[in-house]
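Peer 1: Need a 3D model of the sequence below.
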Amino acid sequence: MSVLAILFFIIFVLILLLPAIMAMYAVHQWPVFTKRRGPNLIAIGIFIKVLTALEFIPQVVVARHFNAVQLANYSLISNYVVAGINYLALLTMAIGLLLLGKQLAAAEKQCRDQVTATNTIDSQL
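Peer 2: Take a look at the predicted model:
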């Protein structure tokens, strides 16, 4: 591989990993969530999606050593594998969003209860 290809690869990986790193960082910075399953699942799903985007690299390497029939078979199999992994990543993110919504609803209810309790105490004074 040439220096330009390696440089492009490093920049491409950094651009792809940036959302996953930001998501992982955000998960640990949100003090609202004591049970962080929802945000963790979303971050894991983003990370899986980023890793599947790097799937083109083995295809470039394989293309140099396979003939046309072998390359077609490899491409077909790898496309099915990547599609399955993408499905799992999207499913993971969807479950994470559902759990996050559930946590947000519980936090909203707790805030409303605190406001109601504060208003009750204020009215008694």
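Peer 1: What's the mean pLDDT across the longest helix along the chain?
Peer 2: Ranked by residue count and defined by DSSP state H, the top helix of the chain is helix 68-124. The average pLDDT within helix 68-124 is 80.
Peer 1: Summarise which helices and strands that helix is packed against.
Peer 2: helix 37-53, helix 56-63 (3 or more CB pairs under 8 Å, 6 or more residues apart in numbering; DSSP states H and E). The C-beta positions use only the backbone N, C-alpha and C, and glycine is treated the same way.
Peer 1: Recalculate using a threshold of 6 Å.
Peer 2: If you count contacts as 3 or more CB pairs under 6 Å, 6 or more residues apart in numbering; DSSP states H and E, helix 68-124 packs onto helix 37-53.
Peer 1: other SSEs contacting the helix it packs on?
Peer 2: Under the contact criterion of 3+ CB pairs under 6 Å, 6+ apart, helix 37-53 touches helix 3-29, helix 68-124.
Peer 1: Is it possible to get a markdown table of the ones you listed that adds distance to residue 49?
Peer 2: Putting the helices and strands packed on helix 37-53 into a markdown table (distance: least, CB to CB, whole Å) gives the following:
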| stretch | distance to residue 49 |
| --- | --- |
| helix 3-29 | 8 |
| helix 68-124 | 5 |
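Peer 1: Make TSV from these and add mean neighbour count and distance to residue 44 to it.
Peer 2: Formatted as TSV, those follow (neighbours: other CB atoms under 10 Å; distance: least, CB to CB, whole Å):
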stretch	mean neighbour count	distance to residue 44
helix 3-29	13	9
helix 68-124	12	6
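Peer 1: Indicate which one of the ones you listed is closest to residue 47.
Peer 2: helix 3-29 (4.2 Å; CB to CB).
Peer 1: any idea how far the residue nearest the centre of the chain lies from residue 116?
Peer 2: Most central residue of the chain, judged by C-alpha distance to the mean C-alpha position with CA atoms, centre = their mean, is residue 46 at 1.4 Å. Distance, residue 46 to residue 116, by CB to CB, to the nearest Å: 37 Å.
Peer 1: Residue 108 now?
Peer 2: 13 Å.
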